[in-house]
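Novice: After the sequence you'll find the predicted model.
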Amino acid sequence: MPAGRRAFALGLASALLGPRAAPASGALLGARAASAPGASAEDIADWRHFLARFLTPEGRIVDTGNGGISHSEGQGWAMLCATYFDDRATFDRAWNWTRRHLRRRGDALFAWRWKPGEPMTPADQYNALDGDLFIAAALVRGARVWGDADLAGHGQAIARDILRLCLRPAGRWLMLLPAVSGFEQRDRIIVNPSYYAFPALRLLAEALPDPVWLRLAHDGMAMLRMARFGRWGLPPDWISLTKSDGTAALPKAWRPRFSYDAVRIPLYMAWAGLSEEPAVESAVNFWLDARHRHLPAWVDLISDEISPYPAEAGIQSIRYMVVASRGLIDGSYPRAGWPSPVVLSGDYYSSVLCILSKLAWRDILTERT
């Protein structure tokens, strides 16, 4: 890597890893992305089971918890997972379906939703930043794993349009909008903190070097350190930030919860080497609170009320990985303590969170060796 690009990559890694960790290029940043510990037999069985249940012959991932729709998030996650399992056939099927059915006009981003048997509406054609980030990251990682420069070019084009279309200031911070439109008001913007997928940002920063990635990483972490609520000081699914000074509040249009979106925050932060950050620590304290009779699926950040039912396997798996990343339990891998989508998980979302948690742990182990 040229000296200038390497210096930038190390600077980004330093920002992402935070003040308590030494700068490192990271398993997701360079050629080491293809050399993480090999998948166990259990992992391979989980992946095959996931594909059998949720991937159609045409290449779309079916969200069984939402009426059988497909969306850019699911396509991006499946493509990324395929790079870890060296599954080029699945990658190509998912990528080809995504290009045919979710490509937007006028930019390199993707429509967030596709409903079987129904025409695409204007509301369907809005993009979703998390889907765009993971599709781009999967393309960049796939280019490295399989030596395919064409994939890298597609990933760079998406990354370029994310920087061009999805950034807005809020006070001194530069924030990622959840979509090109629909989340900006006269005096404030709405942010989804779980869209700060730091591992994906790291991949795109090296594929398309630009100092803006470093600022986004820095400001995203600053936002997550500040915007925490409730008894346990947790980050919410959605945050409202004033344009004038970046003051954070819980927006009225969404339930004030740490729930199915926000659980991805500690997953992504631990994956990027940020396990000691306050947002991760607060999630661990919440998950390990001895007063809970079950692992909560969500908590209301105003009333502190928790869900009356337990979390599914996906959240269990995130908890296991994050707690292990902080050294609080033995995270030996593979290990029977990992929830398995083959045995426990009911729907697409829970299943893919199980798989992502295991892939994150494989990368963490690579960093530690």
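Specialist: Sure, I can see it.

Novice: Look at Arg326 and say how many residues are nearby.
Specialist: Neighbour count for Arg326, taken as other CB atoms under 10 Å: 15. All C-beta spots, glycine's among them, are computed from the backbone N, C-alpha and C.

Novice: Any regions of the stretch 151-300 of the chain where pLDDT drops low?
Specialist: Filtered on pLDDT under 70, the stretch 151-300 of the chain yields no residues whatsoever.

Novice: all strands of it, in order?
Specialist: 167-170, 173-176, 188-191, 239-242, 248-249, 257-258, 299-300 (DSSP state E, counting those that start in this stretch).

Novice: export these to TSV and tack on distance to Gly74?
Specialist: Compiled in TSV, those are given as follows (distance: least, CB to CB, whole Å):
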stretch	distance to Gly74
strand 167-170	25
strand 173-176	20
strand 188-191	22
strand 239-242	24
strand 248-249	29
strand 257-258	22
strand 299-300	26
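
Novice: nearest to Ala272, of these?
Specialist: Closest to Ala272 of those is strand 173-176 (CB to CB; 15.0 Å).

Novice: Which elements pack onto the longest helix belonging to the chain?
Specialist: In terms of residue count, the longest helix belonging to the chain (DSSP state H) is helix 348-368. Under the contact criterion of 3 or more CB pairs under 8 Å, 6 or more residues apart in numbering; DSSP states H and E, helix 348-368 touches helix 41-54, helix 72-84, helix 264-271, helix 313-325.

Novice: Please spell out which residues along that helix are buried.
Specialist: 348-367 (16 or more other CB atoms under 10 Å).

Novice: What of stretch 270-287?
Specialist: Buried residues in stretch 270-287 (16+ other CB under 10 Å): 270-277, 279-284, 286-287.

Novice: Alpha carbons only: can I get it in PDB?
Specialist: Once non-C-alpha atoms are left out, stretch 270-287 reads as follows in PDB (Å, rounded to 0.1, in the frame of the first residue of the first chain):
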ATOM      1  CA  ALA A 270     -16.900  -4.900  19.400                       C
ATOM      2  CA  TRP A 271     -16.300  -6.100  15.900                       C
ATOM      3  CA  ALA A 272     -14.200  -3.000  15.200                       C
ATOM      4  CA  GLY A 273     -12.200  -3.300  18.400                       C
ATOM      5  CA  LEU A 274     -14.300  -0.800  20.400                       C
ATOM      6  CA  SER A 275     -15.400  -3.200  23.200                       C
ATOM      7  CA  GLU A 276     -14.400  -0.700  25.900                       C
ATOM      8  CA  GLU A 277     -16.600   2.100  24.700                       C
ATOM      9  CA  PRO A 278     -19.300   3.300  27.000                       C
ATOM     10  CA  ALA A 279     -22.100   2.300  24.700                       C
ATOM     11  CA  VAL A 280     -20.800  -1.300  24.700                       C
ATOM     12  CA  GLU A 281     -20.200  -1.300  28.500                       C
ATOM     13  CA  SER A 282     -23.700  -0.100  29.100                       C
ATOM     14  CA  ALA A 283     -25.200  -2.800  26.900                       C
ATOM     15  CA  VAL A 284     -23.200  -5.500  28.800                       C
ATOM     16  CA  ASN A 285     -24.400  -4.100  32.100                       C
ATOM     17  CA  PHE A 286     -28.000  -4.200  30.900                       C
ATOM     18  CA  TRP A 287     -27.700  -7.700  29.500                       C
END
